[in-house]
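> Quick one, fold the following:
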Amino acid sequence: MKWKLWLRNLSVSAPRVAVRTQLPWAVRVTLAAVATALAVMGLFAVYQYGRNLGVPVDHGELLNELERAREQLRAVKEDRDRYAAAAVQSENQLKVERAAQDQLAQQLKAIEGDNARLRGDLAFFESLLPAPSTSRGVVIRSFKLQPDADDNTLRYRLLVQQSGRPDKDFVGAVEVKVNLLQAGRAVSLTLPDAAHPAAGPAPLAFRHYQRVEGTFSVPEGATVRSVQVTINSGGEMRAQQTFAM
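Take a look at the predicted model:
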(Lines give C-alpha, C1' and ligand atoms only; values in the text may rest on other atoms or scores of the structure.)
Protein backbone atom coordinates (compact mmCIF):
# COMPACT_ATOMS: atom_id res chain seq x y z
CA MET A 1 0.00 0.00 0.00
CA LYS A 2 2.78 2.44 0.89
CA TRP A 3 4.56 1.56 -2.36
CA LYS A 4 1.43 2.39 -4.41
CA LEU A 5 0.97 5.73 -2.65
CA TRP A 6 4.58 6.61 -3.32
CA LEU A 7 4.21 5.78 -7.04
CA ARG A 8 1.00 7.86 -7.20
CA ASN A 9 2.80 10.85 -5.76
CA LEU A 10 5.49 10.56 -8.45
CA SER A 11 2.96 10.24 -11.31
CA VAL A 12 1.52 13.03 -13.50
CA SER A 13 -1.79 12.90 -11.67
CA ALA A 14 -0.15 13.82 -8.37
CA PRO A 15 -1.53 17.07 -6.90
CA ARG A 16 0.58 20.15 -7.47
CA VAL A 17 0.94 23.02 -5.10
CA ALA A 18 2.25 26.40 -6.31
CA VAL A 19 3.63 28.83 -3.77
CA ARG A 20 4.22 32.35 -4.99
CA THR A 21 5.99 34.92 -2.93
CA GLN A 22 5.40 38.59 -3.75
CA LEU A 23 8.64 40.56 -3.55
CA PRO A 24 9.24 44.24 -4.30
CA TRP A 25 10.53 44.96 -7.80
CA ALA A 26 13.84 46.28 -6.47
CA VAL A 27 14.46 42.97 -4.65
CA ARG A 28 13.46 40.96 -7.73
CA VAL A 29 15.80 42.92 -10.00
CA THR A 30 18.66 42.61 -7.53
CA LEU A 31 18.15 38.84 -7.20
CA ALA A 32 18.05 38.46 -11.00
CA ALA A 33 21.29 40.41 -11.36
CA VAL A 34 22.94 38.31 -8.69
CA ALA A 35 21.74 35.08 -10.34
CA THR A 36 23.04 36.18 -13.76
CA ALA A 37 26.38 37.17 -12.30
CA LEU A 38 26.65 33.80 -10.55
CA ALA A 39 25.85 32.05 -13.83
CA VAL A 40 28.66 33.92 -15.60
CA MET A 41 31.04 33.11 -12.78
CA GLY A 42 29.95 29.44 -12.93
CA LEU A 43 30.61 29.23 -16.65
CA PHE A 44 34.02 30.77 -16.21
CA ALA A 45 34.78 28.37 -13.35
CA VAL A 46 33.75 25.37 -15.49
CA TYR A 47 35.98 26.61 -18.28
CA GLN A 48 38.97 26.98 -15.97
CA TYR A 49 38.27 23.62 -14.35
CA GLY A 50 38.19 21.92 -17.75
CA ARG A 51 41.46 23.53 -18.76
CA ASN A 52 43.15 22.43 -15.55
CA LEU A 53 41.97 18.82 -16.00
CA GLY A 54 42.93 18.73 -19.66
CA VAL A 55 39.36 17.88 -20.65
CA PRO A 56 38.52 19.13 -24.13
CA VAL A 57 36.07 22.01 -23.94
CA ASP A 58 33.82 23.26 -26.69
CA HIS A 59 35.01 26.85 -26.78
CA GLY A 60 32.34 27.94 -29.23
CA GLU A 61 29.49 26.63 -27.09
CA LEU A 62 31.08 28.06 -23.97
CA LEU A 63 31.47 31.46 -25.60
CA ASN A 64 27.84 31.35 -26.72
CA GLU A 65 26.72 30.57 -23.17
CA LEU A 66 28.93 33.34 -21.86
CA GLU A 67 27.47 35.83 -24.36
CA ARG A 68 23.92 34.80 -23.47
CA ALA A 69 24.71 35.32 -19.80
CA ARG A 70 26.14 38.73 -20.59
CA GLU A 71 23.01 39.65 -22.54
CA GLN A 72 20.83 38.61 -19.61
CA LEU A 73 22.99 40.66 -17.26
CA ARG A 74 22.67 43.72 -19.53
CA ALA A 75 18.89 43.23 -19.70
CA VAL A 76 18.67 43.00 -15.92
CA LYS A 77 20.73 46.19 -15.54
CA GLU A 78 18.48 47.99 -18.03
CA ASP A 79 15.42 46.89 -16.06
CA ARG A 80 17.06 48.08 -12.86
CA ASP A 81 17.85 51.49 -14.38
CA ARG A 82 14.35 51.80 -15.81
CA TYR A 83 12.70 50.97 -12.49
CA ALA A 84 15.05 53.35 -10.65
CA ALA A 85 14.15 56.17 -13.06
CA ALA A 86 10.45 55.43 -12.60
CA ALA A 87 10.88 55.54 -8.82
CA VAL A 88 12.63 58.92 -9.02
CA GLN A 89 9.90 60.27 -11.29
CA SER A 90 7.19 59.05 -8.92
CA GLU A 91 8.97 60.66 -5.96
CA ASN A 92 9.27 63.97 -7.82
CA GLN A 93 5.59 63.82 -8.77
CA LEU A 94 4.70 63.19 -5.13
CA LYS A 95 6.73 66.23 -4.08
CA VAL A 96 4.93 68.37 -6.66
CA GLU A 97 1.54 67.17 -5.43
CA ARG A 98 2.47 67.89 -1.81
CA ALA A 99 3.62 71.39 -2.74
CA ALA A 100 0.34 71.96 -4.60
CA GLN A 101 -1.62 70.80 -1.55
CA ASP A 102 0.33 73.18 0.71
CA GLN A 103 -0.32 76.04 -1.71
CA LEU A 104 -4.04 75.25 -1.81
CA ALA A 105 -4.16 75.18 1.99
CA GLN A 106 -2.52 78.61 2.13
CA GLN A 107 -4.93 79.97 -0.46
CA LEU A 108 -7.88 78.57 1.48
CA LYS A 109 -6.62 80.21 4.66
CA ALA A 110 -6.25 83.54 2.84
CA ILE A 111 -9.77 83.23 1.42
CA GLU A 112 -11.19 82.53 4.86
CA GLY A 113 -9.42 85.66 6.15
CA ASP A 114 -10.83 87.69 3.26
CA ASN A 115 -14.32 86.38 4.00
CA ALA A 116 -14.00 87.39 7.64
CA ARG A 117 -12.91 90.90 6.64
CA LEU A 118 -15.73 91.17 4.11
CA ARG A 119 -18.28 90.16 6.74
CA GLY A 120 -16.87 92.81 9.05
CA ASP A 121 -17.05 95.43 6.29
CA LEU A 122 -20.60 94.40 5.48
CA ALA A 123 -21.62 94.79 9.12
CA PHE A 124 -19.89 98.17 9.15
CA PHE A 125 -21.70 99.50 6.08
CA GLU A 126 -25.01 98.12 7.31
CA SER A 127 -24.47 100.12 10.49
CA LEU A 128 -24.14 103.26 8.38
CA LEU A 129 -27.84 103.18 7.55
CA PRO A 130 -29.71 106.27 8.74
CA ALA A 131 -30.32 106.40 12.47
CA PRO A 132 -33.91 106.35 13.74
CA SER A 133 -35.64 109.70 13.51
CA THR A 134 -36.20 109.66 17.28
CA SER A 135 -32.46 109.65 18.03
CA ARG A 136 -30.61 112.91 18.53
CA GLY A 137 -26.96 113.81 18.94
CA VAL A 138 -24.27 111.14 19.16
CA VAL A 139 -25.29 107.48 19.07
CA ILE A 140 -23.35 104.22 19.37
CA ARG A 141 -24.27 102.32 16.23
CA SER A 142 -22.34 99.07 16.73
CA PHE A 143 -19.83 97.32 18.96
CA LYS A 144 -17.97 94.06 18.33
CA LEU A 145 -15.49 92.12 20.47
CA GLN A 146 -13.51 89.13 19.18
CA PRO A 147 -10.26 87.22 19.82
CA ASP A 148 -7.16 88.65 18.16
CA ALA A 149 -3.63 87.22 18.18
CA ASP A 150 -4.14 84.75 21.04
CA ASP A 151 -6.74 83.68 23.59
CA ASN A 152 -5.79 86.43 26.05
CA THR A 153 -5.88 89.29 23.51
CA LEU A 154 -9.21 90.76 22.36
CA ARG A 155 -9.98 93.26 19.60
CA TYR A 156 -12.89 95.68 19.84
CA ARG A 157 -14.55 97.64 17.03
CA LEU A 158 -16.86 100.56 17.67
CA LEU A 159 -18.88 102.82 15.37
CA VAL A 160 -20.04 106.24 16.63
CA GLN A 161 -22.36 108.44 14.57
CA GLN A 162 -24.00 111.86 14.73
CA SER A 163 -27.67 111.49 13.87
CA GLY A 164 -29.62 113.92 11.74
CA ARG A 165 -27.79 116.53 9.69
CA PRO A 166 -24.91 117.77 11.85
CA ASP A 167 -23.53 121.22 11.01
CA LYS A 168 -20.29 120.87 12.97
CA ASP A 169 -17.79 118.23 14.02
CA PHE A 170 -18.20 116.27 17.22
CA VAL A 171 -15.12 116.24 19.44
CA GLY A 172 -14.98 113.95 22.42
CA ALA A 173 -13.62 110.74 23.86
CA VAL A 174 -14.61 107.08 24.24
CA GLU A 175 -14.38 105.17 27.49
CA VAL A 176 -14.56 101.37 27.38
CA LYS A 177 -15.15 99.50 30.64
CA VAL A 178 -14.67 95.73 30.39
CA ASN A 179 -16.34 93.71 33.15
CA LEU A 180 -14.53 90.41 33.82
CA LEU A 181 -15.02 87.33 35.97
CA GLN A 182 -11.75 85.92 37.29
CA ALA A 183 -11.52 83.09 39.85
CA GLY A 184 -15.12 83.74 40.86
CA ARG A 185 -14.48 87.46 41.48
CA ALA A 186 -15.80 90.38 39.45
CA VAL A 187 -13.02 92.63 38.17
CA SER A 188 -13.01 95.43 35.59
CA LEU A 189 -10.63 96.93 33.06
CA THR A 190 -11.07 100.52 31.87
CA LEU A 191 -9.72 101.97 28.62
CA PRO A 192 -7.97 104.23 27.91
CA ASP A 193 -5.35 103.11 30.42
CA ALA A 194 -2.21 105.17 30.98
CA ALA A 195 -0.26 101.94 31.56
CA HIS A 196 -1.33 100.59 28.13
CA PRO A 197 -1.70 103.56 25.78
CA ALA A 198 -1.61 101.38 22.67
CA ALA A 199 -4.90 99.74 23.68
CA GLY A 200 -6.81 102.95 22.80
CA PRO A 201 -9.43 104.02 22.08
CA ALA A 202 -8.47 107.04 20.01
CA PRO A 203 -10.15 110.43 20.63
CA LEU A 204 -13.28 111.30 18.65
CA ALA A 205 -13.32 114.03 16.00
CA PHE A 206 -15.84 113.55 13.17
CA ARG A 207 -18.75 115.12 11.35
CA HIS A 208 -20.90 112.11 10.46
CA TYR A 209 -19.31 108.94 11.88
CA GLN A 210 -16.05 107.51 13.17
CA ARG A 211 -14.87 103.96 13.45
CA VAL A 212 -12.75 103.18 16.52
CA GLU A 213 -10.87 99.97 17.23
CA GLY A 214 -8.07 98.61 19.41
CA THR A 215 -6.80 95.58 21.31
CA PHE A 216 -6.32 94.77 24.97
CA SER A 217 -5.22 91.79 27.04
CA VAL A 218 -7.19 90.09 29.80
CA PRO A 219 -5.72 88.13 32.74
CA GLU A 220 -5.19 84.40 32.38
CA GLY A 221 -8.42 82.51 33.03
CA ALA A 222 -10.60 85.65 33.03
CA THR A 223 -13.91 85.76 31.13
CA VAL A 224 -15.53 88.89 29.68
CA ARG A 225 -19.10 89.24 30.93
CA SER A 226 -20.05 92.65 29.52
CA VAL A 227 -18.61 95.84 28.01
CA GLN A 228 -19.85 99.34 28.77
CA VAL A 229 -19.13 102.04 26.17
CA THR A 230 -19.43 105.71 27.16
CA ILE A 231 -19.11 108.77 24.90
CA ASN A 232 -18.02 111.96 26.66
CA SER A 233 -17.64 115.51 25.36
CA GLY A 234 -16.96 118.74 27.23
CA GLY A 235 -17.03 116.96 30.58
CA GLU A 236 -20.52 115.55 29.92
CA MET A 237 -21.73 112.07 29.03
CA ARG A 238 -23.37 112.14 25.60
CA ALA A 239 -24.10 108.44 25.10
CA GLN A 240 -23.71 105.19 26.98
CA GLN A 241 -24.53 101.57 26.13
CA THR A 242 -23.77 98.19 27.70
CA PHE A 243 -23.15 95.11 25.55
CA ALA A 244 -23.49 91.63 27.06
CA MET A 245 -20.93 89.09 25.95
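> what packs against the top helix by length along the chain?
Using DSSP state H, we find that the single longest helix of the chain is helix 59-126. Helices and strands touching helix 59-126, by 3 or more Cβ pairs under 8 Å, 6 or more residues apart in numbering; DSSP states H and E, are helix 25-53, strand 138-147, strand 153-162. Placement of C-beta: from N, CA and C, glycine included.
> Select from these the stretch with the lowest mean pLDDT.
Least confident of these, judged by mean pLDDT, is helix 25-53 with a mean of 61.
> Run a quick neighbour tally on Glu175.
The number of residues packed near Glu175 is 16, by other Cβ atoms under 10 Å.
> Please read the previous query as pertaining to Leu145.
Neighbour tally, Leu145, other Cβ under 10 Å: 17.
> show me the contacts for the residue lying closest to it once chain neighbours are set aside.
Spatial nearest neighbour of Leu145, excluding adjacent residues (Cβ to Cβ, 6 or more residues apart in numbering): Tyr156 at 5.0 Å. Tyr156 sits next to 143-145, 176, 201, 213-216, 227 when contact means Cβ atoms under 8 Å, 6 or more residues apart in numbering.
> now with 10 Å?
143-146, 148, 174, 176, 178, 191, 199-201, 212-216, 227, 229, 243 (Cβ atoms under 10 Å, 6 or more residues apart in numbering).
> and if you look at Asn152?
Contacts of Asn152 by Cβ under 10 Å, 6+ apart are 216-222.
> Equivalent analysis for Leu154, please.
145-148, 178, 199, 214-218, 224, 227, 245.
> Name the residues linked to it by a beta bridge.
Taking DSSP bridges as the rule, Leu154 bridges to Pro147, Phe216.
> Start the count at 37 instead of 1 going forward.
Yes, from this point I'll number from 37; that puts the last item at Leu190.
> Okay, it and Val212: tell me how far apart.
Distance, Leu190 to Val212, by Cβ to Cβ, to the nearest Å: 11 Å.
> How is the protein partitioned into domains?
Residue ranges for each domain of the chain read 61-138, 174-280, as given by automatic domain parsing.
> any idea which of those domains is most buried?
Mean neighbours per residue, mean count of other Cβ atoms under 10 Å, is largest over those for domain 174-280, with a mean of 15.
> Ends of it, what's the gap?
Using Cα to Cα, to the nearest Å, the end-to-end distance of domain 174-280 comes out at 21 Å.
> what does stretch 210-224 give?
Span of stretch 210-224 from end to end, Cα to Cα: 16 Å.
> now it: mean pLDDT?
Average pLDDT, stretch 210-224: 90.
> angle of the longest strand anywhere in the chain against strand 189-198?
If you go by DSSP state E, the chain has its longest strand at strand 206-218. Strand 206-218 runs at 150 degrees relative to strand 189-198, counting by axes from the mean of the first three to the mean of the last three Cα atoms, to 10 degrees.
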